[in-house]
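Student: Quick one, structure for this:
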Amino acid sequence: MKPKDLGTAHTGFHDWYWQRISAVVLLFSIPMLMGILLLTYNGNISFEILNIALTHPISKAASILFLFALLTHMWTGLKVIIEDYIHTTAARVVVLNILLLLLAGFAAYMSYHIWTELSYTWDCIPCGGK
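Tutor: Modelled structure (predicted):
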């Protein structure tokens, strides 16, 4: 049985490839972020040191890499789901374009805030706001 619409490339390799690449980036970055969060919450890393680390350009570049890996993973996964379950071509194009605009807007918004924050401000929750 042959599928009706194979897309423009007529294979699923492109989506599969980017889904795996973004998954590898997320596989390494999510445990690292969780470890930093855990160390900060336990008091092993002070908020001042965390603030200095998060405002460093290398940390900001890693944050951008994580953001784009996450959004690429979301886009490829949701695109395949939408292509599989929305059968009308016009509706599929509309839904995919809306999704793409939302993800691009979120990427622009988060990229702006990652690069323009000079220092992060928050209260020290574990230490009672000191």
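Student: switch to C-alpha atoms for all contacts and neighbour counts from now on
Tutor: Noted.
Student: Pull up the gap between Leu27 and Phe106, please.
Tutor: 22 Å (CA to CA, to the nearest Å).
Student: show me the contacts for the spatially closest residue to Leu99 that is not a sequence neighbour.
Tutor: In space, Leu99 comes closest to Trp75 once its chain neighbours are excluded; the distance is 7.9 Å by CA to CA, 6 or more residues apart in numbering. Trp75 is in contact with 99-100, 103, counting by CA atoms under 8 Å, 6 or more residues apart in numbering.
Student: Let me have those residues in a markdown table, extended by secondary structure and pLDDT.
Tutor: Below are the contacts of Trp75 laid out as a markdown table (DSSP: H, G, I helix; E, B strand; the rest coil; pLDDT from 0 to 100):
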| residue | secondary structure | pLDDT |
| --- | --- | --- |
| Leu99 | helix | 96 |
| Leu100 | helix | 96 |
| Leu103 | helix | 97 |
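Student: Among those residues, which one lies nearest to Ser46?
Tutor: Nearest to Ser46 among the contacts of Trp75: Leu103, at 33.3 Å, using CA to CA.
Student: hang on, the closest one packs against Leu71?
Tutor: Yes: with contact defined as CA atoms under 8 Å, Leu103 reaches Leu71; the gap is 6.8 Å.
Student: Which of Leu27 and Phe106 has more residues huddled nearby?
Tutor: Phe106 (14 against 11; other CA atoms under 10 Å).
Student: Distance of that one relative to Leu70?
Tutor: Relative to Leu70, and taking CA to CA, Phe106 is found at 11 Å.
Student: Check Ala90 too.
Tutor: On the measure of CA to CA, Ala90 and Leu70 end up 27 Å apart.
Student: Looking only at neighbour counts, state which of the two leads.
Tutor: Leu70 (17 against 10).
Student: Leaving out sequence neighbours, find the closest residue to Trp115.
Tutor: Lys60 (6.6 Å).
Student: Next up, the contacts around the one you found.
Tutor: Here Lys60 is in contact with 54, 114-115 (CA under 8 Å, 6+ apart).
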